[in-house]
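Q: just the structure for this:
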Amino acid sequence: MSNAYNHGFRSVYRLNAHIVFVVKYRKQAISEPILSRLQEIFKDTLNKWDCELLEFNGESDHVHLLIDYKPDKPLSTLIGNLKTVSSRLIRKENPDLSKKYFYGKPYFWTGSYFVASQVFFSYQPTTNSF
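A: Below you'll find the model as predicted:
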């Protein structure tokens, strides 16, 4: 991960978010092939939003994403899009998941998510003589 700042038309920024999505009912529905496919889906979706997937990993019931995004992108809208696109494509490519884990309902993720950001600003105060 780079320590460089991004430059926009009228801004200099570095916005990173750690995001966690959990599988509905905390079912262990994510296999290795599904995890790899989710990484591809998230990377492609973020590229369409002019954002970047910095890190990705997960387990059988949840995934972690570290993303870099621009200040003009509403984070809640971006997260909603990531969940919607990934759920739709995973269910389409793996039609057996719904019957096996979600009682035949069109689910994959829970309705909630976790997101946290970190401030990367380093301030060194100077001494003022008043």
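Q: remind me which residues of this protein are low pLDDT?
A: Low-confidence segments of the chain, defined by pLDDT under 70: 1-3, 119-130.
Q: select the longest helix from this structure.
A: Criterion DSSP state H: the longest helix present in the chain is helix 75-93.
Q: what's the following helix or strand past that helix packed up against?
A: The helix or strand immediately downstream of helix 75-93 is helix 96-101, counting by DSSP states H and E. Contacts defined by 3 or more C-beta pairs under 8 Å, 6 or more residues apart in numbering; DSSP states H and E place helix 96-101 against helix 75-93. (Each C-beta comes from the backbone N, C-alpha and C, glycine too.)
Q: next, the buried residues of the helix it packs on.
A: Neighbour-count burial for helix 75-93 flags Leu75, Leu78, Ile79, Asn81, Leu82, Lys83, Ser86, Ser87, Leu89, Ile90, Arg91 (criterion: 16 or more other C-beta atoms under 10 Å).
Q: just send those residues back as JSON lines, with distance to Tyr13 too.
A: Below are these laid out as JSON lines (distance: C-beta to C-beta, whole Å):
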{"residue": "Leu75", "distance to Tyr13": "13"}
{"residue": "Leu78", "distance to Tyr13": "15"}
{"residue": "Ile79", "distance to Tyr13": "18"}
{"residue": "Asn81", "distance to Tyr13": "20"}
{"residue": "Leu82", "distance to Tyr13": "20"}
{"residue": "Lys83", "distance to Tyr13": "24"}
{"residue": "Ser86", "distance to Tyr13": "26"}
{"residue": "Ser87", "distance to Tyr13": "29"}
{"residue": "Leu89", "distance to Tyr13": "30"}
{"residue": "Ile90", "distance to Tyr13": "32"}
{"residue": "Arg91", "distance to Tyr13": "35"}
